[in-house]
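Trainee: Fold the following, please.
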Amino acid sequence: MKLLSEINSPEDLRKLSENQLPDLARELRRFIIDVVSVKEGHLGASLGVIELTIALHYVFNTPEDRLIWDVGHQAYGHKILTGRRDQFDSIRQKEGLSGFPKRDESIFDAFGTGHASTSISALLGMALAARLSGAPNREHIAVIGDASIAGGMAFEALNHAGVAEANLLVILNDNAIGIDPSVGALKTFLNRKKQGMPGEGNLFESLNLNYSGPVDGHDLPAVLQELKRLKGKPGPRLLHLITTKGKGLRQAEENQVTYHAPGRFDKTTGELIRGEKDKEIGPKYQDIFGHTLVALAAQNPKIVGITPAMPTGSSMKFMMDAFPDRAFDVGIAEQHAVTLAAGMACEGLIPYCAIYSTFLQRGYDQVIHDVALQNLPVIFCLDRAGLVGKDGATHHGVFDIAYLRCIPNITVMAPMNGVELRNMLYTAQREARGPMAIRYPRGYSDHPDWEHPFETIPLGKARKLKSGNRIAILSFGTLGQEVTRALDRVDTPEAFGHFDFRFAKPLDTDMLKEIASRYERIVTLEDGCLSGGFGSAVLEYISDKGYAIPVSRLGIAEDFISHGSPQELYREQGLDTEGLIRSLNGF
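Mentor: So this is what the prediction gives:
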């Protein structure tokens, strides 16, 4: 690492000759492989933009020139070259570097990212601000992938950029894959451009962008030459680069979905390291969803599946394999996914819309306006609910209970375990008279024996798991299993009753009346934000009915929770078994 070890900022990088940069690229690629093989993280995307990352910081005067990485999966090399090399082995670890660009981490991170398709809008805002504040020569560059540029927000920004008279450079990093392979008509158009088909029109030029390319993104001299040519040109420009995700590691190039974030692997051979799954007992919740959906679809021809660019992550891929005509990957387009589902529901289909909790936030107006207002039976399957771990604040699914609970017509439920998830998915297609949301966490369930015969869950009904004589614990979701473990070890187990509430909306008011008449205190527990969540719903009901019983709420603090392992983060919030024991013993 002779060259890389001497680079602590882009100023150091710019002291190198252009002939030295290919050697630096090899060192940077090897450094990322070495660290990520042990620390885990997003590998393939960063390996694919090594040459581009070096060229950008070599040609442009960052951080004065603004550089935004869309999503940010590909920004590891950027972090290393901008003064964070010695901290890089803390990537995505608690109190270490974020896995995504973050404004308060470095002045070189011009904009915080983590969700797709935001970069061009932010960049255009910066470019217009530069014009208004008297810095018209400042450069503004966004790096966005072919999957992200297909998102609606990116198109909105391109449409504005074409007439905004602002100076910006959009670099389209075209590797034909996001996390899963890219889909849609734009992919077809880009493939034609890569093949140089005669007579092919140009979408970007039609939007008044100065288009150049395609250029081989791994040909470092060619990338440098083109960036120098484009530097200083006025108006909106778009450079089309062709790259290979996972470049430089054979397995990552050949299996791009797995090596997007492969976990630990052998840095020499590239082979994945599979341990004992850290004592996981049952299948992943996402796989329970995926396999159950296939079983239900086999019984009910009206069932369809929709996912916005997450067929592997959500396990919608099982439905896509089994019923390819009834499962749809719509790309990074959450708003479209929700309203597409609404249209299908209008025609009598039963759409299961599988979206990570954090990404449904991007389709919130559509949930209200297009689904709930019309009381359409769309079933939202919210994967990655709660604290998801090392992806951090941009990806935690802690707001969905609060942001869904206030919407009329919608049912909001959460299973305590994999068996309940299976039965909720079954119940939804039998009982839905309007929109339903089923939220479940990332990771493994505790039930290897989960494929029981289907049972209908009574809508809005809780279940009593344990009687007590003083304090009623009302859990919502899989944290109920932590309560069960904690109650085996508290000082006075006979004091505590435990109720799996299953529904945040509608609440089981009959059960609440009984609890309020028999217990001295209510304790609510959820893996969502306390403000407006399940505990708030219970507290509102108790207050509205004039019951004199005190309510204590346990959940996620009102803050943006940083990154770390789920175990570390739940411990920090006092929501692991030991934390619950301390809290319960204090009542």
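
Trainee: Check which residues of the least confident helix or strand in the chain by mean pLDDT are buried.
Mentor: When the helices and strands of the chain are scored by mean pLDDT, DSSP states H and E, helix 185-195 comes last with a mean of 82. Buried residues in helix 185-195, defined by neighbour count with 16 or more other C-beta atoms under 10 Å: 186-187, 189-190, 193. The C-beta positions use only the backbone N, C-alpha and C, and glycine is treated the same way.

Trainee: ok, now stretch 342-355?
Mentor: Here stretch 342-355 shows 342, 344-345, 349-355 as buried, counting by 16+ other C-beta under 10 Å.

Trainee: Residues contacting it, please?
Mentor: 289, 293, 300, 302-308, 310, 314-316, 334, 337-338, 340-341, 363, 366, 370-371, 374, 376-383, 425, 428-429, 432 (C-beta atoms under 8 Å, 6 or more residues apart in numbering).

Trainee: Using PDB, write down the CA coordinates of that stretch.
Mentor: The C-alpha trace of stretch 342-355 is given here as PDB (Å, rounded to 0.1, in the frame of the first residue of the first chain):
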ATOM      1  CA  ALA A 342     -54.200   0.100  -5.600                       C
ATOM      2  CA  GLY A 343     -55.100  -0.300  -9.200                       C
ATOM      3  CA  MET A 344     -54.900  -4.100  -9.000                       C
ATOM      4  CA  ALA A 345     -57.100  -4.100  -5.900                       C
ATOM      5  CA  CYS A 346     -59.700  -2.000  -7.800                       C
ATOM      6  CA  GLU A 347     -60.000  -4.900 -10.200                       C
ATOM      7  CA  GLY A 348     -60.500  -7.600  -7.600                       C
ATOM      8  CA  LEU A 349     -56.900  -8.800  -7.100                       C
ATOM      9  CA  ILE A 350     -55.300  -9.200  -3.700                       C
ATOM     10  CA  PRO A 351     -51.900  -7.500  -3.900                       C
ATOM     11  CA  TYR A 352     -49.200  -8.200  -1.300                       C
ATOM     12  CA  CYS A 353     -46.900  -5.300  -1.500                       C
ATOM     13  CA  ALA A 354     -43.500  -6.200   0.100                       C
ATOM     14  CA  ILE A 355     -41.600  -3.100   1.100                       C
END
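
Trainee: now that stretch: how far from the chain's centre is it?
Mentor: The chain centre lies 22 Å from the centre of stretch 342-355; the measure is C-alpha atoms, centre = their mean, to the nearest Å.

Trainee: quick one: the residue nearest to Gly248 when sequence neighbours are not counted and Gly477, what's the gap?
Mentor: Excluding the flanking residues, the one nearest Gly248 by C-beta to C-beta, 6 or more residues apart in numbering is Arg29, at 4.5 Å. Distance of Arg29 to Gly477, given as C-beta to C-beta, to the nearest Å: 41 Å.

Trainee: Which one's more surrounded, the two?
Mentor: Gly477 (27 against 19; other C-beta atoms under 10 Å).

Trainee: these two touch, right, the more buried one and Gly397?
Mentor: No. The criterion here is C-beta atoms under 8 Å, and Gly477 misses it with Gly397 at 10.8 Å.

Trainee: Touching both of these two, which residues are there?
Mentor: Common neighbours of Gly477 and Gly397 (C-beta under 8 Å, 6+ apart) are 385-386, 439, 441.

Trainee: so which of the residues you listed comes closest to Gly555?
Mentor: Gly386 (9.9 Å; C-beta to C-beta).

Trainee: Which helix or strand contains the closest residue to the closest one other than its chain neighbours?
Mentor: Here the nearest residue to Gly386 in space, its sequence neighbours aside, is Asp527; by C-beta to C-beta, 6+ apart that works out to 3.5 Å. Here Asp527, judged by DSSP states H and E, is contained in strand 521-529.

Trainee: what do you get for Lys102?
Mentor: Lys102 belongs to no helix or strand, assigned by DSSP H and E.

Trainee: buried residues in the helix or strand where Leu28 lies?
Mentor: Leu28 is part of helix 21-39, with elements assigned from DSSP H and E. Using 16+ other C-beta under 10 Å as the test for burial, helix 21-39 gives 21, 24-25, 27-33, 35-37, 39.

Trainee: Dump the residues you listed into a markdown table; add pLDDT and distance to Ala157 as well.
Mentor: Output for the buried residues of helix 21-39, formatted as a markdown table (pLDDT from 0 to 100; distance: C-beta to C-beta, whole Å):
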| residue | pLDDT | distance to Ala157 |
| --- | --- | --- |
| Leu21 | 97 | 31 |
| Leu24 | 97 | 32 |
| Ala25 | 95 | 30 |
| Glu27 | 96 | 35 |
| Leu28 | 96 | 30 |
| Arg29 | 94 | 31 |
| Arg30 | 95 | 36 |
| Phe31 | 95 | 33 |
| Ile32 | 94 | 29 |
| Ile33 | 93 | 34 |
| Val35 | 93 | 33 |
| Val36 | 92 | 31 |
| Ser37 | 91 | 36 |
| Lys39 | 90 | 34 |
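
Trainee: Quick check: the two most widely separated of the residues you listed?
Mentor: Top of the distance list for the buried residues of helix 21-39 (C-beta to C-beta): Leu21 and Lys39, 26.1 Å.

Trainee: burial measure for the closest residue in space to Ser212 that isn't next to it in sequence, as a count.
Mentor: Excluding its sequence neighbours, the residue lying closest to Ser212 (C-beta to C-beta, 6+ apart) is Leu239, at 5.4 Å. Neighbours of Leu239 under the rule other C-beta under 10 Å: 25.

Trainee: Wait, Leu239 touches Leu172, no?
Mentor: Yes. With contacts counted by C-beta under 8 Å, Leu239 reaches Leu172, the gap being 6.9 Å.

Trainee: what touches both of those two?
Mentor: Gly213.

Trainee: Could I get the full set of helices for the stretch 51-200 of the chain?
Mentor: Assigned by DSSP state H, counting those that start in this stretch, the stretch 51-200 of the chain shows helices spanning 76-79, 119-132, 152-161, 185-195.

Trainee: Out of the ones you listed, which one sits most buried?
Mentor: helix 76-79 (a mean of 27; mean count of other C-beta atoms under 10 Å).
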